[in-house]
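Student: any chance you can model this:
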Amino acid sequence: NDLQKAKHYYSVSADMLERIYGHVHADVALSLRNLGVVYAHAADYSKALELYQEALEIDLALYGDGHVTIADSYNNIANVYYRIGRYDESLQCFENILRIYLNCFGESHPNTALAYHNLGSIYKESGDMDRALENLEKAAAIYKEAYGDSHPRLGTTYDSIGCLYFDEKDFDKAEEYLLEGLRIRINAYGEGHGDVAESYNNLSQLYQEQGEFVKAGEMLLKSLDVSRRIYGENHPKIVTAYSNLSMHYRKLQKYDEAIEYVRRAIAVAGHCYESSHPHLVLNSYLLSILYDETGRYEEALPLMKTVY
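Tutor: Numbering: from 1, shown residues only. All right, here's what the predicted structure looks like:
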């Protein structure tokens, strides 16, 4: 996690390889992609995009536009565009990836399924639910044919389809796919995996929306338990889990539990983030609201001043 050292060594590597081989060389492109990954992890997306595009130009010069390596470069660029909300550019990159995979592997290959899945995710974010579902269902069909009924990639696709149906308020379909995704993930990984925690969290949102608060609470506690086993106590995932539990108990007007969990979220966030980080600020704001709603105005006021 020492991003500064990673930047330094990948940058030195890229410069050294360029001096040895010249600019248009596969190893130079690989070093630039690796350096881009570091900048993306550091959320410096403009620099990451610059490096990924430079690597793409080298790859295009070496291989032409139909090579699998080009798809890797497009994938890096697409993910950056996705993270910064530029869905049209991301969609264009994922369409290029699908074109390359169809030409290289054909329709029934898992890589093609992954391209369909990514396209489905982009269409969902841009609000085109029909095309999102169409692409996700294509991905699921290919994974099922390639791997059978119990592969984690199929579980991830089912989870995505379940989330789409949730957004569309088709809660019966959402539950069907989310539960099937959870079953596959548990069979593939056991209980101690981040994808399992994600499935529990998605189911909790579904049950919250349906007013099934007991089930929702059970799912949130399971998600927390899995995340703790994976990450330990002082991790951003734990901050999110505690915060979700606090908001859950607030809806039930169980204020003692809500306050306890948001305090835990703030304590863990203090280990994970600087004092100005949005997660720390938002949880402090939630605690101030809880104090205000329970008449503890003297405790609420200093927090509100800190937040604002």
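Student: how many residues are close by the closest residue in space to Glu274 that isn't next to it in sequence?
Tutor: In this structure, Glu274 finds its nearest non-sequential neighbour in Leu280, 7.8 Å apart by C-beta to C-beta, 6 or more residues apart in numbering. In short, each C-beta sits where N, CA and C put it, glycine included. Using other C-beta atoms under 10 Å, Leu280 is surrounded by 20 other residues.
Student: one more: Ser275?
Tutor: By the measure other C-beta under 10 Å, the count of residues near Ser275 is 10.
Student: three-state assignment of it?
Tutor: Classification of Ser275 using DSSP: H, G, I helix; E, B strand; the rest coil returns coil.
Student: can you list phi and psi of it for me?
Tutor: Summarising the backbone geometry of Ser275 under the convention degrees, to the nearest 10, its torsions are phi -60, psi -20.
Student: got the contact list for Arg153?
Tutor: Applying C-beta atoms under 8 Å, 6 or more residues apart in numbering to Arg153 gives the contacts Pro110, Ala113, Leu114, His117, Tyr143, Tyr147.
Student: any idea of the pLDDT on the second one?
Tutor: The model reports Ala113 with a pLDDT of 97.
Student: give me phi/psi at the closest residue to it other than its chain neighbours?
Tutor: Taking C-beta to C-beta, 6+ apart, and ignoring the residues beside it in sequence, Ala113 has Ile142 as its nearest neighbour in space, at 3.7 Å. Phi and psi for Ile142, reported as degrees, to the nearest 10, are phi -70, psi -50.
Student: Ile142 reaches Asn111, doesn't it?
Tutor: No - taking C-beta atoms under 8 Å as the definition, Ile142 is not a contact partner of Asn111, at 9.5 Å.
Student: so which of the two has more stuff around it?
Tutor: Using other C-beta under 10 Å as the criterion, Ile142 and Asn111 rank with Ile142 on top: 24 against 17.
Student: any idea how far that one is from Leu224?
Tutor: Per C-beta to C-beta, to the nearest Å, Ile142 is found 34 Å from Leu224.
Student: then Ala267?
Tutor: Ala267 is 14 Å from Leu224, where distance means C-beta to C-beta.
Student: what subset of the contacts of Arg153 is buried?
Tutor: Of all the contacts of Arg153 considered here, the ones buried according to neighbour count by 16 or more other C-beta atoms under 10 Å are Pro110, Ala113, Leu114, His117, Tyr143.
Student: so the fourth one makes contact with Ser160?
Tutor: What it means is His117. Yes - counting by C-beta under 8 Å, a contact exists between His117 and Ser160, whose distance comes to 6.8 Å.
Student: overlap of the contact sets of these two?
Tutor: Both His117 and Ser160 are contacted by Leu136, under the criterion C-beta under 8 Å, 6+ apart.
Student: name all residues that make contact with the residue nearest to Ala113.
Tutor: Taking C-beta under 8 Å, 6+ apart, we find Ile142 in contact with Glu107, Ser108, His109, Pro110, Thr112, Ala113, Tyr116.
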